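Asks: dropping the sequence and predicted coords here.
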Amino acid sequence: MYDWVRVVDFDNNILYMNRAMTEDLGELTPGKKCFELIGRSEPCENCVSRKAMLEGVSEEKEEKINDRTFSVMSSPLRNAEGRVIAIVEVLRETTQLKMLYEKTQEQNLILKKDVEMARKLQSSLLPGPISDPRADLSLIYMPCEELGGDFIDVFYIDSSHMGIYIADVSGHGVQASLLTVFLRSTLNKKLLSPSMALEELYREFNQSRLDEELYISIFYSIIDLDNKTMLYSNAGLNVAPVVYSENRFELLRMPGIPVSNWMKKPGYRDGALDLLPGDKFFLYTDGILEMRDINNEQFGEERLLEILLKGQLDPRKMLLKIKNSAFSFAGIRSADELSDDVTLALLEIK
């Protein structure tokens, strides 16, 4: 398919048509107006050729001719003195491209609706507020996309034991969202050993035969609210949760590979900790640490821990202080500007 090319004068008379246009629309007859050639009785609305004549610069628009779509480029033709004497029109058919664009837009709309449904599903899986005289919990969850790769869950195993985990799965978007759904639906919430639950999750992940590039990093703890003890295990989360109060400050560093299909036996183990009334358990993902200022410096662990050390605020106020400090450091005003998911949780033992 060749472009149509024609030359039009100031009175809309066609002075010349190339072979491609002649073969498609017929031979040029003297005095034929440009708009008559395409079956119209008067000049086209928003005529770009007229505008190109008056302003002396090229103009472009999309034009529907019968059942075909064209991109029309009108450029001024000048004489030796530089005066505009006619207009050269180049019409390139974009019918197939237009149809493809419209089909793509339809598919994008369907995908957008699917993503919105997935976002609502993911949001519905997040834990709600707890009402328990033995503990106070606050959460901040800010995905950098509509569907996040971070996830957190809090649940009761029995009347005494509370499970809480924070996870960072590979990627973002729909793929990451599906991994968070897999995590929540597969983790055994009856076992009282975090390492055993992670081992079982690891086996289930491998049986699912997921891609090697997919993985789940998760720190899982089980708190005995009556006896004030905690067991915890780590499957590759690259930040250290913190237990702190006015008189203690402990980083819960523990090695462990992510839930993946990288090896047969991950070798998870449990750590144990005694808790006291007033102790706070802080969990987070690396999104808060990796926020950068104008000098490309990260917010980092040191600044985060300093905020915890200097203040004994209730969980909600402390998380807001951390968030506001990090946002101020990075010079951002809303979660829409985040480049990675940010998830924070703070549990206070009563």
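Replies: Perfect, I can see it now. Numbers count the residues shown, from 1 in each chain.

Asks: in the stretch 1-150 of the chain, which spans are strands?
Replies: Per DSSP state E, counting those that start in this stretch, the stretch 1-150 of the chain carries strands over the ranges 4-8, 14-17, 59-65, 68-78, 84-93, 135-142, 150-156.

Asks: what helices and strands are in contact with the shortest one?
Replies: Pointing back at strand 14-17 there. strand 4-8 (3 or more CB pairs under 8 Å, 6 or more residues apart in numbering; DSSP states H and E). For every residue, glycine as well, the C-beta is placed using N, CA and C.

Asks: and the strand it packs on with strand 68-78, angle?
Replies: Going by axes from the mean of the first three to the mean of the last three CA atoms, to 10 degrees, strand 4-8 is angled at 40 degrees with respect to strand 68-78.

Asks: residues in contact with strand 4-8: which ones?
Replies: When contacts are defined by CB atoms under 8 Å, 6 or more residues apart in numbering, strand 4-8 is touched by residues 14-18, 20-21, 24-25, 34, 49, 70, 77, 86-92.

Asks: how about it as PDB, C-alpha atoms only?
Replies: Coordinates of the C-alpha atoms in strand 4-8 are reproduced here as PDB (Å, rounded to 0.1, in the frame of the first residue of the first chain):
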ATOM      1  CA  TRP A   4      -1.700   9.000  -1.400                       C
ATOM      2  CA  VAL A   5      -0.100  12.300  -2.500                       C
ATOM      3  CA  ARG A   6      -1.800  15.300  -4.000                       C
ATOM      4  CA  VAL A   7      -1.200  19.100  -4.500                       C
ATOM      5  CA  VAL A   8      -4.100  21.500  -3.700                       C
END
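
Asks: name the strands paired with that strand and say parallel or antiparallel.
Replies: Within its sheet, and counting by DSSP bridges, strand 4-8 is paired with strand 14-17 (antiparallel), strand 84-93 (antiparallel).

Asks: tell me where the stretch 51-200 of the chain is predicted with low confidence.
Replies: Low-confidence regions of the stretch 51-200 of the chain, defined here as pLDDT under 70, cover residues 114-116, 118-124, 145-148, 171-173.

Asks: report how many residues lie close to the residue lying closest to residue 3 once chain neighbours are set aside.
Replies: Nearest non-adjacent residue to residue 3, counting by CB to CB, 6 or more residues apart in numbering: residue 92, 4.9 Å away. Taking other CB atoms under 10 Å as the neighbour definition, residue 92 ends up with a count of 15.
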